[in-house]
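Peer 1: Need a 3D model of the following:
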Amino acid sequence: MATSETVREVLSWELFGTAARELAQAVVDDGFEPDIVIAVARGGLPPGGAIAYALGTKAVGTLNVEFYTGVDERLPDPVVLPPLLDTAAMAGLKALVVDDVADTGETLALVQRIMASHCEEARTAVLYSKPRSIVEPDYVWRRTDRWIVFPWSAEPPVPRVGSLAP
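Peer 2: Just a heads-up that it's a prediction; the model follows:
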């Protein structure tokens, strides 16, 4: 029998488009109207942009957070990286924090805390949530315990000039 380590959840670009629209619809159906979408970089950039378009929300910000250093390898705690978001401009706004996955949930929890301390309200949305997540996102497209292969990170970075084999 396959384990969760060998069986992977694969998200195609086509299914990603469906997922982003369905997640945006869940936000709308809930009556939440964010003034700004905050995408957690890097994995939250594609869904954050797609959801902002689907919601008609023009204001989009990013918060750069490093936690994962490889497949199932991470730092002890998530770390916010520069450039920093202008949190002073967030006063009185309703924010939707978007990430690709709530795996341990630590990154999402950190960003949600930061946004909640500067915004009127901050809710969270993810494409995937895992059972071990320490936070329950407000909006979730799917739940899984598998490693997820996202279309934007399925391939290694493109080779740099001069690093190609002759």
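Peer 1: Show me the strands in the chain, by range?
Peer 2: 8-10, 36-41, 60-70, 73-81, 94-102, 121-129, 139-143, 147-149 (DSSP state E).
Peer 1: and the nearest residue to Tyr128 once chain neighbours are set aside, how many neighbours does it have?
Peer 2: In this structure, Tyr128 finds its nearest non-sequential neighbour in Val101, 4.4 Å apart by CB to CB, 6 or more residues apart in numbering. Placement of C-beta: from N, CA and C, glycine included. Neighbour count for Val101, taken as other CB atoms under 10 Å: 28.
Peer 1: Return the distance of the residue most central in space within the chain relative to Gly92.
Peer 2: Nearest to the mean C-alpha position of the chain, by CA atoms, centre = their mean, lies Asp99 at 0.9 Å. If you measure Asp99 against Gly92 using CB to CB, to the nearest Å, the figure is 23 Å.
Peer 1: Longest helix in this structure, please.
Peer 2: Criterion DSSP state H: the longest helix present in the chain is helix 13-29.
Peer 1: That one - contacts with which helices or strands?
Peer 2: Judged by 3 or more CB pairs under 8 Å, 6 or more residues apart in numbering; DSSP states H and E, the packing partners of helix 13-29 are helix 45-55, strand 121-129, strand 139-143.
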